[in-house]
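Q: Okay, structure incoming, though there's no sequence with it:
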Ligand SMILES: C[S@@+](CC[C@H](N)C(=O)[O-])C[C@H]1O[C@@H](n2cnc3c(N)ncnc32)[C@H](O)[C@@H]1O
């Protein structure tokens with residue numbers, strides 16, 4: 001996976017800080033998994049209920065601090081992994097101005113900071129944390145104070161408590177983070193009105209609150225309805241002329257929307273830290289894998305697909321399902337550039353198949369391709385028959401090939 005080294009579970013020193021903040025408030029710590037697990041189960045039920053979709057810090061602070069925060073920081077890192085791995089986002093001794101909208105305890109900011117840090121970044125992240133819940137921001141600030149100093153990247157948080165829709169006067173940022181906020185906005189509106197409102201919000205953030213080279217990064221839970229909402233917002237944004245950097249490698253309508261049962265989300269091989277596993281178990285939640293959906297927009301129109309070298313006749317694809325092994329073949333869904341009869345490429349998805357008897361050194365990489373991977377297929381796979389034949393070359397892109405900008 002491109003940028004996989006940038007996405008890591010939180011280390012032990014985070015546990016120490018988290019437990020110190022929890023103890024100071026008389027909350028159960030991660031060392032009391034039964035008690036904390038029960039609170040986490042309650043918060044999870046509140047959050048997964050689409051009518052509520054919210055777990056306030058007053059009611060659910062212990063669960064958010066002791067569990068959700070730890071689970072969610074790597075989502076922020078994963079959502080920016082391609083920007084960082086390709087060099088489209090660098091921290092080079094200066095300051096990166098970040099607006100984190102719906103920051104809560106600051107998980108998405110910390111994900112960004114950790115990705116930059118893992119890439120060898122040096123400098124300061126100046127984060128402005130905006131949240132309607134003052135107690136969540138206070139909890140995030142307490143956690144920041146409890147963390148040991150000395151990270152290569154610092155966070156200067158400025159707590160603004162505002163409604164997300166009234167951002168005038170905040171100015172422009174290098175990056176705007178919108179971590180698991182859309183799920184909580186306009187939950188009473190009908191589906192179409194929500195899509196329009198959220199596309200308008202993101203477009204406003206892109207056009208009024210990011211620098212010319214800046215990005216807006218949206219993270220949402222991998223739940224089917226929330227991810228499909230994000231697909232619709234993505235289509236609406238493209239119709240409005242906004243530039244989608246990732247995850248999509250094409251700008252055609254999202255093919256996942258054609259069937260109600262489909263949705264395109266990430267499930268990366270990043271587990272919860274071992275120290276949190278007992279809490280997950282007690283809450284009845286999984287500890288394996290990092291699931292989320294994301295959308296990265298660029299003000300300058302840069303697109304990830306353009307950063308992947310495309311040899312003649314090749315198609316650039318993202319693996320959007322897990323591997324589907326069956327007798328005699330290995331399949332997975334891929335989304336990106338597919339060839340149509342008569343020549344030319346279209347943007348959509350297909351179920352790509354390699355028969356075991358067609359495995360060759362040239363297409364061996366298909367054997368290891370996993371959800372989220374970026375694949376260059378030469379020649380491009382056919383839309384109506386996406387077969388990886390013996391003469392097919394498959395390469396998984398793990399780093400940028402060239403840095404073409406638009
Ligand atoms: C699920 S938390 C996400 C926290 C963090 N960004 C993350 O991804 O882990 C969503 C946050 O959005 C905040 N929020 C909800 N509606 C808001 C609004 N209209 N304005 C600002 N913040 C809002 C909530 O208070 C909550 O802290």
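A: Sure thing, it's come through. As the structure is a computational prediction, the values presented were derived from the model and not from experiment. Residues are numbered from 1 along each chain as shown.
Q: what stretches of the stretch 151-300 of the chain score poorly on pLDDT?
A: Across the stretch 151-300 of the chain, the ranges flagged by pLDDT under 70 are 151-152, 159-165.
Q: all strands in it, in order from the N-terminus.
A: Ranges of strands within the stretch 151-300 of the chain are 153-155, 158-160, 173-179, 210-220, 243-246, 266-268, 290-298, based on DSSP state E, counting those that start in this stretch.
Q: got a markdown table for the ones you listed, with distance to residue 196 and mean neighbour count too?
A: C-beta: built from backbone N, CA, C; applies to glycine. Supplementary listing: the strands of the stretch 151-300 of the chain in a markdown table, determined by distance: least, C-beta to C-beta, whole Å; neighbours: other C-beta atoms under 10 Å:
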| stretch | distance to residue 196 | mean neighbour count |
| --- | --- | --- |
| strand 153-155 | 34 | 18 |
| strand 158-160 | 26 | 14 |
| strand 173-179 | 16 | 25 |
| strand 210-220 | 16 | 22 |
| strand 243-246 | 17 | 22 |
| strand 266-268 | 26 | 19 |
| strand 290-298 | 16 | 24 |
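Q: right, so of those strands, which gets closest to the ligand?
A: Ranking the strands of the stretch 151-300 of the chain by their distance to the ligand (criterion: C-beta to the nearest ligand atom) puts strand 173-179 first, at 2.8 Å.
Q: quick one, the closest one and strand 290-298 angle?
A: For strand 173-179 against strand 290-298, the angle by axes from the mean of the first three to the mean of the last three C-alpha atoms, to 10 degrees is 150 degrees.
Q: how deep is the residue in the stretch 301-406 of the chain positioned nearest to the ligand tucked in, by neighbour count?
A: Nearest residue of the stretch 301-406 of the chain to the ligand (C-beta to the nearest ligand atom) works out as residue 372 at 18.6 Å. Neighbour count of residue 372, defined by other C-beta atoms under 10 Å: 22.
Q: got a pLDDT number for it?
A: According to the prediction, residue 372 has pLDDT 97.
Q: Isn't residue 186 up against residue 197?
A: Yes. Proximity of residue 186 to residue 197 meets the contact threshold set by C-beta atoms under 8 Å, at 5.4 Å.
Q: Show me which parts of stretch 335-343 are buried, residue by residue.
A: For stretch 335-343, burial by neighbour count (16 or more other C-beta atoms under 10 Å) applies to 335-339.
Q: ditto for stretch 91-106
A: 91, 96-106.
Q: Name the single longest helix found in this protein.
A: helix 191-209 (DSSP state H).
Q: and the residue nearest to residue 389 when sequence neighbours are not counted, what does it touch?
A: Of all residues not flanking residue 389 in the chain, residue 358 sits nearest, at 5.6 Å (C-beta to C-beta, 6 or more residues apart in numbering). The contact partners of residue 358, by C-beta atoms under 8 Å, 6 or more residues apart in numbering, come to 387-390, 392.
Q: Look up how far residue 113 lies from residue 358.
A: Using C-beta to C-beta, to the nearest Å, residue 358 is found at 44 Å from residue 113.
Q: any chance of the strands of the stretch 151-300 of the chain in CSV, plus distance to the ligand?
A: Below are the strands of the stretch 151-300 of the chain laid out as CSV (distance: least, C-beta to the nearest ligand atom, whole Å):
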stretch, distance to the ligand
strand 153-155, 14
strand 158-160, 9
strand 173-179, 3
strand 210-220, 6
strand 243-246, 17
strand 266-268, 14
strand 290-298, 9
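Q: Output the ones you listed as TSV; include the columns distance to residue 117.
A: Formatted as TSV, the strands of the stretch 151-300 of the chain follow (distance: least, C-beta to C-beta, whole Å):
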stretch	distance to residue 117
strand 153-155	5
strand 158-160	21
strand 173-179	15
strand 210-220	17
strand 243-246	21
strand 266-268	18
strand 290-298	18
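Q: Quick one, which of these gets closest to residue 321.
A: Of all the strands of the stretch 151-300 of the chain, strand 266-268 sits nearest to residue 321, with 9.3 Å by C-beta to C-beta.
Q: wouldn't residue 28 be in contact with residue 36 here?
A: Yes. Residue 28 lies in contact with residue 36 (C-beta under 8 Å); the separation is 4.4 Å.
Q: Now for those two: what residues contact both?
A: By C-beta under 8 Å, 6+ apart, the residues touching both residue 28 and residue 36 are 62, 66.
Q: Could you check which of those two has the larger neighbour count?
A: More neighbours surround residue 36 than the other of residue 28 and residue 36, with 26 against 21 (other C-beta under 10 Å).
Q: roughly how far apart are the more buried one and residue 110?
A: Remark: distance between residue 36 and residue 110 (C-beta to C-beta) = 20 Å.
Q: Pop out the phi and psi values for residue 96.
A: Torsion angles at residue 96 (phi, psi; degrees, to the nearest 10) stand at phi -110, psi 120.
Q: can you tell me how far it sits from the ligand?
A: Going from residue 96 to the ligand by C-beta to the nearest ligand atom, to the nearest Å gives 17 Å.
Q: For that residue, list each beta-bridge partner.
A: On the basis of DSSP bridges, residue 96 is bridged to residue 125.
Q: what distance separates stretch 202-209 from the centre of its chain?
A: The chain centre lies 19 Å from the centre of stretch 202-209; the measure is C-alpha atoms, centre = their mean, to the nearest Å.
Q: Write out the residues of this protein neighbouring the ligand.
A: 72, 102-104, 107-108, 130-133, 136, 163-164, 179-181, 184-185, 219 (C-beta under 6 Å from any ligand atom).
Q: let's see 5 Å
A: Within the chain, the positions lying close to the ligand (C-beta under 5 Å from any ligand atom) are 72, 102, 104, 107-108, 131-133, 136, 163-164, 179-181, 184.
Q: quick one: average pLDDT of stretch 56-66?
A: 94.
Q: do stretch 80-88 as well
A: On average, the pLDDT along stretch 80-88 is 96.
Q: Please consider this matter closed, and thank you.
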